[in-house]
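# Here is my input, please return the structure:
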Amino acid sequence: MKILLLGRNGQLGWELQRSLAPLGELVAPGRAERGDLSQIGELTDMAYESGAQVIVNAAAYTAVDRAQDPAEQDVCMDVNAGAPAALAMVARETGALLVHYSSDYVFDGSGHEPRDEEASPGADSVYGESKAAGDFSIETSGCAHLILRTSWVYGARGGNFAKTMLRLAQERDELKVVSDQVGAPTGAELLADVTAHMIRHTLVNPALSGLYNVVASGETSWHGYAQHVIERARAAGLPIRVAPEALRAIPTSDYPTPAVRPLNSRLSTEKLRRQFGLTLPHWTVGVNRMLDEVLSR
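As a prediction, the model looks like this:
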């Protein structure tokens with residue numbers, strides 16, 4: 001079996017290179033090798049020519065605030081909506097399974113209950129609108145697909161929120177972190193392993209095709225996330241300057257950004273756990289593993 005992976009250099013793409021390798025021959029072209037999602041014609045030709053039985057799209061336009069700039073909106077839509085639609089067409093015509101990743105940003109973040117896969121999108125940002133459009137194109141294309149909707153993704157490779165907090169906590173006497181946005185930090189490693197498991201089962205049972213929420217269990221705020229990271233680093237002996245009481249909780253309104261962030265990023269994983277027989281670890285498990293790696297360097 002041949003697997004085409006797009007977005008090999010991102011946090012998730014890096015982990016997917018590991019998790020997908022045992023499933024078959026993995027082909028992972030870079031942007032210069034016709035793997036650029038903003039060049040839809042070249043991308044489509046390359047996908048056809050690859051002869052892949054599985055197409056995994058881990059590439060996306062993720063500059064959430066920059067996407068609000070009118071000069072950036074077309075490329076955001078091309079990458080997050082146009083390219084997935086083109087890949088879905090390839091998958092439908094070749095019989096390939098298309099795997100794609102979605103975002104909690106497709107919702108407006110209202111309420112307090114976890115959203116399931118039947119919830120209607122209602123994005124408050126250009127990025128969210130582009131991701132919702134990509135999802136819709138795939139779902140209505142007629143191709144076999146797995147759309148994995150997730151949130152707050154991090155990885156040990158590259159930058160992430162936890163690493164930023166570790167750096168700032170060593171440089172400053174006080175930190176202010178938003179406390180009214182709630183979700184589940186989800187590791188790229190977990191997403192990659194779940195993806196491989198889902199692909200194996202869906203190739204055997206195509207009826208499993210569809211949209212699934214995939215996040216770690218439990219929930220926290222960005223402030224709670226920062227608190228966990230900093231206290232674990234303090235216990236490990238890192239020279240933390242900021243005192244526990246100096247890690248201030250602030251509302252989103254005190255930290256304005258060009259793109260609106262969802263206050264409620266809770267996603268129900270009941271469908272995933274039922275259909276694929278998975279148990280999703282608590283968000284602290286993956287974060288602690290990532291911190292152990294980072295702090296040991």
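# At which residues are the strands of the stretch 151-297 of the chain located?
153-154, 175-178, 182-183, 186-187, 210-213, 220-221, 247-250 (DSSP state E, counting those that start in this stretch).
# May I have the strands that pair with the second one, each with its orientation?
I take that to be strand 175-178. Using DSSP bridges, the strands paired with strand 175-178 are strand 247-250 (parallel).
# show me where the stretch 1-150 of the chain has strands.
2-6, 25-27, 54-57, 97-103, 144-150.
# ok, residue 161 - contacts?
152, 154, 185, 222, 225, 226 (Cβ atoms under 8 Å, 6 or more residues apart in numbering). Every C-beta, even on glycine, is put in place using the N, C-alpha and C of the backbone.
# Test my guess that the last one contacts residue 165.
It refers to residue 226. Yes: with contacts counted by Cβ atoms under 8 Å, residue 226 reaches residue 165, the gap being 4.6 Å.
# Neighbour count for these two, which is higher?
residue 226 (26 against 22; other Cβ atoms under 10 Å).
# need the contact list for the more buried one.
Counting by Cβ under 8 Å, 6+ apart, residue 226 has contacts 161, 165, 175, 177, 247.
# Could you save the residues you listed as a markdown table and add columns showing pLDDT and distance to residue 65?
A markdown table is the format used below for these (pLDDT from 0 to 100; distance: Cβ to Cβ, whole Å):
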| residue | pLDDT | distance to residue 65 |
| --- | --- | --- |
| 161 | 94 | 15 |
| 165 | 96 | 19 |
| 175 | 97 | 20 |
| 177 | 98 | 18 |
| 247 | 97 | 24 |
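# With respect to residue 295, which of those is nearest?
residue 165 (12.6 Å; Cβ to Cβ).
# Tell me if I'm right that the closest one and residue 231 touch.
No: the criterion here is Cβ under 8 Å, and residue 165 misses it with residue 231 at 10.8 Å.
# ok, of the contacts of residue 161, which one's closest to residue 171?
residue 226 (14.0 Å).
# so what sits against both of residue 226 and residue 165?
175, 177.
# ranges for the helices of the stretch 51-200 of the chain?
70-77, 83-94, 126-139, 161-171, 188-204 (DSSP state H, counting those that start in this stretch).
# how distant is the first one from the center of its chain?
When C-alpha coordinates are averaged (Cα atoms, centre = their mean, to the nearest Å), helix 70-77 and its chain have centres 20 Å apart.
# Would you mark the buried spots in it?
Buried residues in helix 70-77, counted by 16 or more other Cβ atoms under 10 Å: 72, 73, 75, 76, 77.
# and the third one, what is it in contact with?
Read it as residue 75. Neighbour list for residue 75: 38, 61 [criterion: Cβ under 8 Å, 6+ apart].
# Return the distance of the closest residue to residue 288 other than its chain neighbours relative to residue 291.
Nearest in space to residue 288, with sequence neighbours left out and distances taken as Cβ to Cβ, 6 or more residues apart in numbering, is residue 232 at 6.7 Å. Residue 232 sits 6 Å away from residue 291, taking Cβ to Cβ, to the nearest Å as the criterion.
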